[in-house]
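Below: sequence and its predicted model.
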Amino acid sequence: MKFAIVNDTTLRCMITEQEMDELGFELEDIISDTERAQDFLHLILEDAEEETGFRMGERATVSMEATMLPGKGLSLLIYDGSPTATTVKEKIRRFHDAILDYAKLNEEFDLEQTVSKKEQDGFLKLIGDKVMIGFPSLNLLIEYCRNVLEDGICSTAYKLDDEYYLVIKAEFTSEQYRHIGGLALEFGQNLESGRNVIAYLEEHGEVLIEKDAIARLQSL
């Protein structure tokens, strides 16, 4: 399992089918609303606390969202679902379109050997032609753009609350997506492909650079 702390009340966990089997759980156990799902959630939180120090508050209403990934892996978003924990930024993060973790799963778990060309093409079709990457600071957004190898990508930079976002529009190949996603894991804090969350940003975010944001930020 691989863990990533999103914020004080949100944890992301990536787990392979093999790891689920070793723990004695099946996919049906995890996605169902049963005691088995609760047992699995408690086990994940215990492992996360031991490995990363992440601890959910005693009064937290713990919720879990699961997204299937190519290669039969799962991306889990575990968060405090209580009303007092919900902010605008957390609403954005909570969209469970966490297929973004595909790039990291390929790297960490070597899923490239098990994902067919047909599965990859289907995955790219599923995410559509837009992805959104979030950054905690403008400096990290700039550093990300300086490391992007692709030229001529349609991109727009936004600011929402105290965070910065980059929306990239392209007909992605699997190689391009791994490159973009891998850099996002290095410099950013999340990567989303859900249409609803991108539409929310486009409606409520402040446009910093409307066109060719990557190229313009690379020149700074």
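Great, that's in hand. Bear in mind that the values here come from a model prediction, so they are computed numbers and not experimental data.

F172 against D129, yeah?
Yes. In this structure, F172 is within contact of D129 by Cβ atoms under 8 Å, at 7.3 Å. Using the backbone N, CA and C atoms, a C-beta is placed for each residue, glycine as well.

who's more crowded, these two?
Taking F172 and D129 together and counting by other Cβ atoms under 10 Å, F172 has the greater number of neighbours (24 against 13).

Let's verify the more buried one: helix, strand, or coil?
coil (DSSP: H, G, I helix; E, B strand; the rest coil).

Repeat that for I214.
I214 - assigned by three-state DSSP - is helix.

got a pLDDT number for E19?
At E19, the model reports a pLDDT of 89.

quick one, phi/psi of it?
phi -70, psi -40 (degrees, to the nearest 10).

check which helix or strand covers the nearest residue to D29 once chain neighbours are set aside.
Distances taken as Cβ to Cβ, 6 or more residues apart in numbering place R36 nearest to D29, at 4.0 Å, with adjacent residues excluded. Taking DSSP states H and E as the criterion, R36 maps to helix 35-52.

Residues in contact with that helix: which ones?
1, 3, 5, 11, 13, 15, 23, 25, 29-31, 54-56, 62, 64, 76, 78 (Cβ atoms under 8 Å, 6 or more residues apart in numbering).

buried stuff in that helix?
Neighbour-count burial for helix 35-52, counted by 16 or more other Cβ atoms under 10 Å, picks out 37, 40-41, 44-45, 47-48.

ok, now how distant is E143 from L74?
30 Å (Cβ to Cβ, to the nearest Å).

quick one, which of those two is more surrounded?
L74 (22 against 16).

can you give me phi and psi for the more buried one?
Residue torsions, per degrees, to the nearest 10, at L74 are phi -130, psi 140.

isn't it right up against M20?
Yes. Counting by Cβ under 8 Å, L74 sits close enough to M20 to count as a contact (7.3 Å).

what do these two both touch?
By Cβ under 8 Å, 6+ apart, L74 and M20 have these common neighbours: 27, 30.

number of nearby residues for E19?
15.

what sits against the spatially closest residue to it that is not a sequence neighbour?
Nearest residue to E19, sequence neighbours excluded (Cβ to Cβ, 6+ apart): M1, at 5.9 Å. Neighbouring residues of M1 by Cβ under 8 Å, 6+ apart: 13-15, 19, 44, 47.

what do you get if the cut-off is 7 Å, keeping everything else the same?
By Cβ atoms under 7 Å, 6 or more residues apart in numbering, M1 lies in contact with 13-15, 19, 47.

Please render these as a markdown table that adds distance to E186 to the earlier fields.
Output for the contacts of M1, formatted as a markdown table (distance: Cβ to Cβ, whole Å):
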| residue | distance to E186 |
| --- | --- |
| C13 | 19 |
| M14 | 16 |
| I15 | 22 |
| E19 | 24 |
| D47 | 24 |
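
Looking at these, which is nearest V148?
Looking at these and their distance to V148, the nearest is M14, at 23.5 Å (Cβ to Cβ).
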